[in-house]
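1. Show me the folded form of this:
(2 chains)
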2 protein chains.
Amino acid sequence: MTILLTNAWVLTIDDALTEHNRGWVQIDGTTITALGAGAPPDVPDAEVVDCGGDVVMPGMVNTHCHMGMSVFRGLAEDIDDRLYRYILPLERKFVTPEMVRIGSALSALELIQGGVTTIADMYYFETEVARVCDMAGLRAIVGQTLADFDPPDHGDFDEGFALVEELFDTFRDNPLVAPSIAPHAPYSTGLKTMERVAHWLADHPDVPVQMHLAESALEVAWARDNYGKSTIAVTRDAGLLKPGLICAHCLQLDDADIAMMAEAQVCVATNPRSNGKAGRGVAPVEKLRHAGLPVGIGSDGAMSGNTLDLFSQFAPVSMFAKLLAGSRKPLPATEVVRMGTIEGARVLNRDLVTGSLEVGKQADIIRINLDAPRLHPIYDPYSMLVFAAMPSDVTHSMVAGRWLMRDRQVTTLDARKTVADANQIARQFKAEMARIDSQAP
Amino acid sequence: MTILLTNAWVLTIDDALTEHNRGWVQIDGTTITALGAGAPPDVPDAEVVDCGGDVVMPGMVNTHCHMGMSVFRGLAEDIDDRLYRYILPLERKFVTPEMVRIGSALSALELIQGGVTTIADMYYFETEVARVCDMAGLRAIVGQTLADFDPPDHGDFDEGFALVEELFDTFRDNPLVAPSIAPHAPYSTGLKTMERVAHWLADHPDVPVQMHLAESALEVAWARDNYGKSTIAVTRDAGLLKPGLICAHCLQLDDADIAMMAEAQVCVATNPRSNGKAGRGVAPVEKLRHAGLPVGIGSDGAMSGNTLDLFSQFAPVSMFAKLLAGSRKPLPATEVVRMGTIEGARVLNRDLVTGSLEVGKQADIIRINLDAPRLHPIYDPYSMLVFAAMPSDVTHSMVAGRWLMRDRQVTTLDARKTVADANQIARQFKAEMARIDSQAP
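-> Predicted coordinates:
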């Protein structure tokens, strides 16, 4: 089966940022087999899609998310102690496989509608998240979380590891959904569990590992007070700071930490909206990239960042870099778009299959309509994408040659039912919050 | 003529943030005559609009814009010296009444589509901006800019003042579009012109005055080096720091400046995206508000902030306050929504007529559709508006009882022709930029 996208403004996001105006892309099965400018090839029986001058570009890569948490979106906003007052109690009481499935489906809808085609996720009951990504058609790295604070889906390490094994048994051979292991964070996973995970990884060197790292001042204090070193050094000495480790957040770093991370060849997922909303600080994205670390962009969970598309992250990631430097020059729009596509793919070790439109790569493609007056004029399509485009401009999405959305209609999930199910869970949460408030001192 | 909006989630943004679930709003002519919850009144011959549970709220107030500049959107993005290299030469060569008209129409489309119903603008050939706002149906404060750097529309003070007089002669009695005077900024207007404006204002106490203030380190240095005091003190001593002065930006302030501003009872228009993108810094919004100054939100021109809706500003204004404080608590979502509506109206001295839904006020109303999965669940509508809603969710807009948009269709402007005209201007700009580049050393 051949699909031909024609009459498109093709932004390939290859190394040279090659563009094809009035361009075309040929897709055979799951793969991009040709692309260029001028007259498209004549392929009998091909599905020809005239894109009417729209932008066609690689689907975006969201490098850090907790899809199950979208049912918490906007809960107890702006309240400093919301984590201990509401969220942990609610998680302990209500996080079930069903809740995770519904939250993940709500997230999958938003991701597809917002132009994301590859997602890295870590949460509880992660096999459910994997099932939803599989059904939705997303490319995904799904990490079962391990933590020692009595999380909702496991008690001790062995129970947690049983969930890891369930995930790997179920999704080991899935072409799009890759199982992953996710120690929650140094302070919340604990040294002993980190060392056991490192030991297991020695025999499983290709497994992607995701971890929150250097997210808060509390974490830095935990490492210093208990081990007399930085949280990065604790992670290194536990054996987890290895090539390809996907490090989320990375706010609290000094130059020695960055050097350690660069030497270990880890990768970074920055979450500007989540970090900004929490008042936690700003990741040193320019420093990290200059040290040679690939930096992708993540949304974090909807409880923390509220939206899961990357357009919502583009202006913050850019503004934070410019404010840190006191200049409009750092992290130009082209680099932000790279971070949202090919560099994000590199963070997830998927840059040979996705993140740019090149012959031989998987057909992970989105189409962006340019009708909105707010997008014009367009002096530079990268500026337009970073500072003016919004999720509602994305009309079509495809992963591995399969349409996930056409004309804004997601084809793989039932939007109406999913939203209704999520709101049903929210009613339970609201009742429990009222109960908590009524018992508060 | 009566219009009845029924079956709406009415967010009044009155002092008590009164909400009416399954509420209704009655509009007679230009005015809100009743609103409430429960069964709507039975008014014969009324136009009844069933809002299907959508949010109905006051239209937003954008307190600082340069509508004519939307034709510069994204031009020379990320280039540090773009102002002197491209923008001033382009302005000098191409800013004509026609360019201002086309740019303003493009901006008016975006403002209406993004939920803004009141706009404060300052630019050149401002009578053209006023004409566009009048045609578009927007409520507007339109300020003719005065500057001493040989701006595109006037040479000396007398020529500039002739444009002010043209604007006032044409729009003195317009019910929605109010003429204003806009000294560009202390460093760019100069002490002598500032004093002449202050002298004229003594006889015109009700005229709104807009000014860029404390925007850059250069401006602070100018005031210190030339006058040995802060830019706020220079403005005060020139006689312009008077009650109601609309001060845009206000980044470079110390506590003495804030006290001076509070004593003078000026108002502030903060422009977080524009300031962040320029790497210029972050306005001390919490400090200003705690000092009793009303702070509204502005988009700045599309050349600086790229979008003109306020949703794009909500997350940045909130994140900046939280990052400054190192906590998720400051400037909660309710306050951000107030700043975007009633507090913005106060900044423009329009809080008796717009900015909230209350009986006797003008019917400046928007309707927000809640179908998008990314908006759910909704624990709190203010969090939803600040961190999840987007311009594409606004479906209807009304100013003084007149529909400006229904079902996403702007009824007062020709979108297709306006975008085409703007892109025609952009082609001229691109050619001139190529010429500039070819002659650069």
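
2. For residue A:175, which non-adjacent residue is spatially closest?
-> Once flanking residues are discounted, residue A:175 sits nearest to residue A:400: 7.2 Å by Cβ to Cβ, 6 or more residues apart in numbering or on different chains. (C-beta placed from N, C-alpha, C; glycine too.)

3. confidence score at the spatially closest residue to residue A:246 that is not a sequence neighbour?
-> With Cβ to Cβ, 6+ apart as the measure, residue A:210 is the residue that lies nearest to residue A:246, at 4.5 Å, once sequence neighbours are left out. As summarised for this prediction, residue A:210 has a pLDDT of 98.

4. tell me the centre residue of chain A?
-> Chain A has residue A:62 as the residue nearest its centroid, 2.6 Å off, counting by Cα atoms, centre = their mean.

5. Surely that one and residue A:115 touch.
-> No - taking contact to mean Cβ atoms under 8 Å, the distance of 9.7 Å between residue A:62 and residue A:115 leaves them out of contact.

6. hang on, the earlier thing: for the residue nearest to the centre of chain A, what are its contacts?
-> Taking Cβ atoms under 8 Å, 6 or more residues apart in numbering or on different chains, we find residue A:62 in contact with A:111, A:116, A:118-120, A:297-299, A:308, A:310, A:344.

7. The most far-flung residue of chain A relative to its centre: what's it in contact with?
-> The C-alpha centroid of chain A is most remote from residue A:441, which lies 38.7 Å away (Cα atoms, centre = their mean). By Cβ under 8 Å, 6+ apart, the contact list for residue A:441 is empty.

8. Kindly confirm my reading that it is in a strand.
-> No - the assignment for residue A:441 by DSSP: H, G, I helix; E, B strand; the rest coil gives coil, which leaves it out of any strand.

9. Under the pLDDT cut-off, which ranges of the stretch 301-441 of chain A? List them.
-> Applying pLDDT under 70 to the predicted model, the stretch 301-441 of chain A contains no residue that meets it.

10. Please, where are all the helices along it?
-> A:302-305, A:311-325, A:333-340, A:342-347, A:381-387, A:415-439 (DSSP state H, counting those that start in this stretch).

11. among the ones you listed, which is the most enclosed?
-> With neighbours taken as mean count of other Cβ atoms under 10 Å in any protein chain shown, those reach their highest mean count in helix A:342-347, at a mean of 27.

12. May I have that helix exported as PDB, CA atoms only?
-> The C-alpha atoms that make up helix A:342-347 are tabulated as PDB, following Å, rounded to 0.1, in the frame of the first residue of the first chain:
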ATOM      1  CA  ILE A 342      15.000  14.500  16.000                       C
ATOM      2  CA  GLU A 343      16.800  15.400  19.200                       C
ATOM      3  CA  GLY A 344      13.900  14.000  21.200                       C
ATOM      4  CA  ALA A 345      14.200  10.900  19.100                       C
ATOM      5  CA  ARG A 346      17.900  10.700  20.000                       C
ATOM      6  CA  VAL A 347      17.100  11.000  23.700                       C
END
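
13. and for it, what are the contacting residues?
-> Applying Cβ under 8 Å, 6+ apart, the set of residues contacting helix A:342-347 from outside is A:13-14, A:58, A:60-63, A:118, A:120, A:246, A:267-269, A:294-297, A:351, A:353-356.

14. Pull out the buried members of those residues.
-> Restricting the contacts of helix A:342-347 to buried positions leaves A:13, A:58, A:60-63, A:118, A:120, A:246, A:267-269, A:294-297, A:351, A:353-356, with burial counted as 16 or more other Cβ atoms under 10 Å in any protein chain shown.

15. Residue numbers of the stretch 51-200 of chain A in contact with chain B?
-> Counting by Cβ under 8 Å from any Cβ of the partner chain, the residues of the stretch 51-200 of chain A lying close to chain B are A:71, A:73-80, A:82, A:106, A:109-110, A:113-114.

16. Quick check: residue A:383 touching residue B:77?
-> Yes - checked against Cβ under 8 Å, the pair residue A:383 and residue B:77 is within contact range at 3.9 Å.

17. Show me whatever sits in contact with both of the two.
-> Common contact partners of residue A:383 and residue B:77 (Cβ under 8 Å, 6+ apart): residue A:333.

18. Do I have it right that residue A:285 meets residue A:321?
-> Yes - proximity of residue A:285 to residue A:321 meets the contact threshold set by Cβ under 8 Å, at 5.5 Å.

19. Need the residues touching each of those two.
-> The contact sets of residue A:285 and residue A:321 overlap at residue A:331 (Cβ under 8 Å, 6+ apart).

20. Tell me which residues are up against stretch A:101-111.
-> Outside stretch A:101-111, the residues that touch it by Cβ under 8 Å, 6+ apart are A:62, A:65, A:67-72, A:119, A:121, A:128-129, A:131-133, A:136, A:138, A:302, A:307-309, A:391, A:410, A:413, A:415, A:418-419, A:421-422, A:425, B:373-374, B:376.

21. Give the rounded mean pLDDT of the helix or strand containing residue A:35.
-> Following DSSP states H and E, the helix or strand that holds residue A:35 is strand A:31-37. Averaged over strand A:31-37, pLDDT sits at 98.

22. Quick check: next helix or strand after that strand?
-> Following the chain from strand A:31-37 toward its C-terminal end, the next helix or strand by DSSP H and E is strand A:47-50.

23. for the stretch 151-300 of chain A, what spans make up the strands?
-> Using DSSP state E, counting those that start in this stretch, the strands assigned to the stretch 151-300 of chain A run over residues A:177-183, A:210-213, A:246-249, A:267-270, A:295-297.

24. closest to residue B:32 out of those strands?
-> In this view, those are compared for proximity to residue B:32 by Cβ to Cβ, and strand A:295-297 is the closest at 43.1 Å.

25. Which other helices and strands does the closest one contact?
-> Secondary structure elements in contact with strand A:295-297, counted by 3 or more Cβ pairs under 8 Å, 6 or more residues apart in numbering or on different chains; DSSP states H and E, are strand A:60-65, strand A:267-270, helix A:285-290, helix A:311-325, helix A:333-340, helix A:342-347.

26. 7 Å instead?
-> For strand A:295-297, the helices and strands in contact under the criterion 3 or more Cβ pairs under 7 Å, 6 or more residues apart in numbering or on different chains; DSSP states H and E are strand A:60-65, strand A:267-270, helix A:285-290, helix A:333-340, helix A:342-347.

27. May I see these organised as TSV, with distance to residue B:316 added?
-> As requested, the helices and strands packed on strand A:295-297 are arranged in TSV below (distance: least, Cβ to Cβ, whole Å):
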stretch	distance to residue B:316
strand A:60-65	20
strand A:267-270	16
helix A:285-290	17
helix A:333-340	15
helix A:342-347	22
